[in-house]
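S.K.: Pasting the sequence and the predicted coordinates here, then a few questions.
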Amino acid sequence: MDAFKLLTRATKLKGGAAPSSAQSSTRLPSTGKAANPQLFRSSEADKVLEEARHGKKRKRVAGPEAAESDDDGAELNFFGSSKARRSSASMAKEQEKEQQEQQEHRDDTSDADDADEMDEVQCRTVLNAHKIKVTDMRDLEEIQTVRVESEEPKKKKKKRKQQEESTPALTKKEQKKARRVYPQPLVSFKELRTRYKISRRLAENIAEQGFSVPTEVQLGTLPLLLEGFKVSGNSKDAESIEPDLLVVAPTGSGKTLSFLIPVINKIVRHHHEQEEERGIFSVVVAPTKELASQIVNEGRKLVHGTGVKITLMKKGMRVVDREDDDDENSHSEDSEEGSESEQDEPSTTRKKKGKAPVTKSDILVTTPLLLVNALSANRTKPMATLPLVRNIVLDEADVLLDELFRDQTLDIWRACTHPELRASLWSATMGSNIEDLAKSTIKERKQAYDRTNSYPLLRLVVGLKDSAIPNIEHKLVYAATEQGKLLGLRQLLHPAAASASDVRLRPPFLIFTQTIPRAIALHSELRYDIPAEAGGSSRIAVLHSDLSDGQRSEIMKNFRKGEIWILVTTDLLARGVDFRGINGVVNYDIPNSAAVYVHRVGRTGRAGREGGIAVTYYTKEDIPYVKSIANIIDVSEKLRGKDGEKSIQKWLLDALPDLSKKDKKELKKHGVKARQSNLKSVKDDKEHRKTRISTKSGFDRRMENKKKALIAASRNRKSKTQSTDPGSDNESWDGLDG
């Protein structure tokens with residue numbers, strides 16, 4: 001019974017009217033989960049999905065309706081004996097339980113058999129409506145030969161070979177059309193159990209996490225990774241093969257869940273088939289420790305009760321059992337033994353503790369350098385192999401295959417020597433050079449292991465490639481100078497009464513800077529801007545790579561708990577890290593590239609949450625580098641279908657200068673020159689002074705430096721006088737002369 005209706009039945013108040021309007025007006029990412037996590041939807045696609053869910057159900061003879069009618073008949077006998085009523089009620093409950101058990105059994109065994117697959121037209125409708133584009137990345141000749149061989153009988157093969165020479169070459173448009181693929185989309189997470197037969201315990205863990213509606217990337221990738229790709233078309237008799245996959249999907253769209261579910265399910269099946277064989281079956285590589293730790297936390301929720309173990313790689317862990325490790329350990333222990341008899345006991349204990357046990361894990365999540373050092377004994381020996389690994393996942397693949405991590409990542413990839421290894425690369429931004437590198441690496445493996453059967457390489461793109469998410473608001477603000485940026489940031493922290501068009505950003509939010517010294521300086525400048533009544537300086541923190549692992553994890557934990565409201569950081573947190581309740585992002589310094597901007601602003605608006613804001617400040621020194629960011633904002637607003645005045649005007653796009661390739665490379669490596677921390681020349685030092693983060697005037701700064709110099713000089717004088725004093729502190733007092 002609704003208590004509100006009961007208490008207000010004599011009034012004209014309507015329950016739920018006022019709260020809903022209030023909630024809709026103040027909808028923010030921190031207010032909670034979005035009703036639908038999907039970014040791109042259409043009524044036509046929803047109709048097709050509804051038909052797939054409910055339109056083709058088989059008729060139930062004994063269903064819940066029959067049970068309800070029986071219950072109603074039992075309850076209508078108001079004048080019968082109490083024993084009869086109790087017995088009929090208990091009988092009805094027993095019947096309900098039996099029917100529920102039968103229903104669950106039928107759902108698990110028969111739903112997948114009776115559910116008809118969508119035809120190609122329906123698949124195309126759903127995928128196009130959700131802006132999902134799947135492309136076969138193999139050579140065009142290989143694609144066409146496989147398709148024609150599956151369609152034509154054997155007798156016509158000779159005629160086809162003769163006709164191939166006379167057929168004209170396809171145009172670019174026809175080639176793109178030939179590469180397009182329309183796999184079966186995932187209708188709901190319930191299908192994972194009924195249709196794709198994933199582990200029962202894994203399906204329960206997914207349901208406990210509250211996942212019901214799949215996002216675009218999950219809708220497209222999970223069927224491909226669980227069921228496989230039908231190389232010769234969507235016919236029922238076609239053979240399904242698990243493909244290698246390149247995925248480009250927006251930030252916060254659920255990529256982690258998309259690659260963890262198939263990996264865990266594959267290992268569960270392997271445990272059932274071969275119970276004795278245990279080891280590392282999957283390797284997940286991430287560029288930062290924060291992202292690797294997050295993947296492990298999400299994985300532990302999914303593997304609970306499945307018998308699968310997921311481990312975070314740490315320094316000193318052993319992942320392979322090498323024979324030469326014993327010789328090295330014994331040699332080092334013998335060399336460290338002393339000649340004295342007192343050192344005999346410690347040496348014996350050291351022999352026992354010298355060798356760490358090999359990690360017993362099914363899924364290993366690591367950063368590149370940690371695993372390379374573990375496999376090569378800190379680069380002193382040749383790389384050991386991981387022969388049991390069947391899946392390698394590169395999260396944020398564009399960074400892992402960039403110059404900084406490329407050699408380490410490829411070494412790990414080559415160390416996985418299983419002939420049926422599958423690779424999947426995931427990111428929100430992926431350039432053509434990364435795709436070419438992945439394609440060439442997979443081809444090299446095929447030639448090295450003499451694989452006659454060709455595993456398909458598919459690319460799945462959600463939305464526009466390398467674009468920001470459309471469900472957040474972007475603001476590009478010109479601040480002229482460094483002091484202007486600081487003033488604008490303080491206005492965000494302490495908003496005054498102004499027009500509705502002004503930017504309003506509520507905590508929690510992130511502030512990104514270009515370098516570690518600038519992050520530290522900005523943190524010290526803003527440290528006391530939050531009043532003591534609200535928590536004071538404890539509400540703002542700084543996070544960067546110079547901090548220890550313990551400090552970094554503690555700051556991350558406090559930020560997730562809500563004890564820290566504002567976090568100043570570098571691009572360390574720009575990728576992959578999932579803060580679902582962040583209301584906005586402030587780019588205090590412009591990002592080094594358009595891809596970095598996409599990842600920075602993707603920390604808000606996660607899983608379809610509306611109301612996130614991304615504010616980017618730029619100064620006079622930044623004008624040559626802003627156009628790429630302005631273009632991304634313009635494209636994002638077009639994707640969103642924003643009505644009214646745009647934040648990026650056409651005159652601004654026309655006025656901003658284009659950046660050459662050389663300048664783009666320089667910006668990507670070093671950032672804006674005026675803000676670099678390693679400035680040497682006098683001219684650069686003058687530019688550096690202009691970009692100093694501080695509100696103090698030059699006169700005040702000069703007086704402070706003079707004061708510090710005077711204090712240091714007085715301390716030096718005191719230390720000199722104490723050292724030259726003839727009286728020694730060690731002399732004893734002989735008493736008074738008498």
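M.R.: In hand now; what should we look at?

S.K.: For the rest of this, base every contact and every neighbour count on C-alpha atoms.
M.R.: Will do.

S.K.: Could you list every helix and strand in contact with the helix or strand hosting residue 633?
M.R.: If you go by DSSP states H and E, residue 633 is part of helix 627-640. Packed against helix 627-640, as judged by 3 or more Cα pairs under 8 Å, 6 or more residues apart in numbering; DSSP states H and E, are the following elements: helix 594-601, helix 650-655.

S.K.: so how far is that helix from its chain's centroid?
M.R.: 22 Å (Cα atoms, centre = their mean, to the nearest Å).

S.K.: so which of the helices and strands packed on helix 627-640 comes closest to residue 608?
M.R.: helix 594-601 (13.6 Å; Cα to Cα).

S.K.: Which elements pack onto that closest one?
M.R.: Taking 3+ Cα pairs under 8 Å, 6+ apart as contact, the helices and strands that helix 594-601 lies on are strand 584-587, helix 627-640.

S.K.: So for the last one, what gets flagged as buried?
M.R.: Right, helix 627-640. 627-630, 632-637, 639-640 (16 or more other Cα atoms under 10 Å).

S.K.: what's the answer for stretch 180-194, then?
M.R.: Residues 181-194 are the ones in stretch 180-194 that count as buried (16+ other Cα under 10 Å).

S.K.: One more: stretch 206-215?
M.R.: Under 16+ other Cα under 10 Å, the buried positions of stretch 206-215 are 206, 213-215.

S.K.: Out of these, which is nearest to residue 593?
M.R.: Using Cα to Cα, these come closest to residue 593 at residue 215, 27.1 Å.

S.K.: tell me the pLDDT at that closest one?
M.R.: Per-residue pLDDT puts residue 215 at 93.

S.K.: and it, what does it touch?
M.R.: Neighbour list for residue 215: 37-39, 253-254, 607 [criterion: Cα atoms under 8 Å, 6 or more residues apart in numbering].

S.K.: let's go with 6 Å and repeat that
M.R.: Counting by Cα atoms under 6 Å, 6 or more residues apart in numbering, residue 215 makes contact with 37-38.

S.K.: Kindly report the same for residue 463.
M.R.: Residue 463 touches residue 131, counting by Cα under 6 Å, 6+ apart.

S.K.: State the distance from it to residue 478.
M.R.: Here residue 463 is placed at a distance of 29 Å from residue 478 (Cα to Cα, to the nearest Å).

S.K.: any idea how far the spatially most central residue of the chain is from residue 381?
M.R.: Compute the mean C-alpha point of the chain, and by Cα atoms, centre = their mean the closest residue is residue 576, 3.3 Å away. Distance check for residue 576 against residue 381: by Cα to Cα, it reads 33 Å.

S.K.: next one: residue 581
M.R.: 46 Å.

S.K.: Looking at those two, which has the bigger crowd around it?
M.R.: Between residue 581 and residue 381, counting by other Cα atoms under 10 Å, residue 581 is the more crowded of the two (23 against 11).

S.K.: Need the per-residue pLDDT for that one.
M.R.: On the pLDDT scale, residue 581 gets 86.

S.K.: my guess is residue 604 contacts residue 582, does it?
M.R.: Yes: if you go by Cα atoms under 6 Å, residue 604 and residue 582 touch, sitting 5.3 Å apart.
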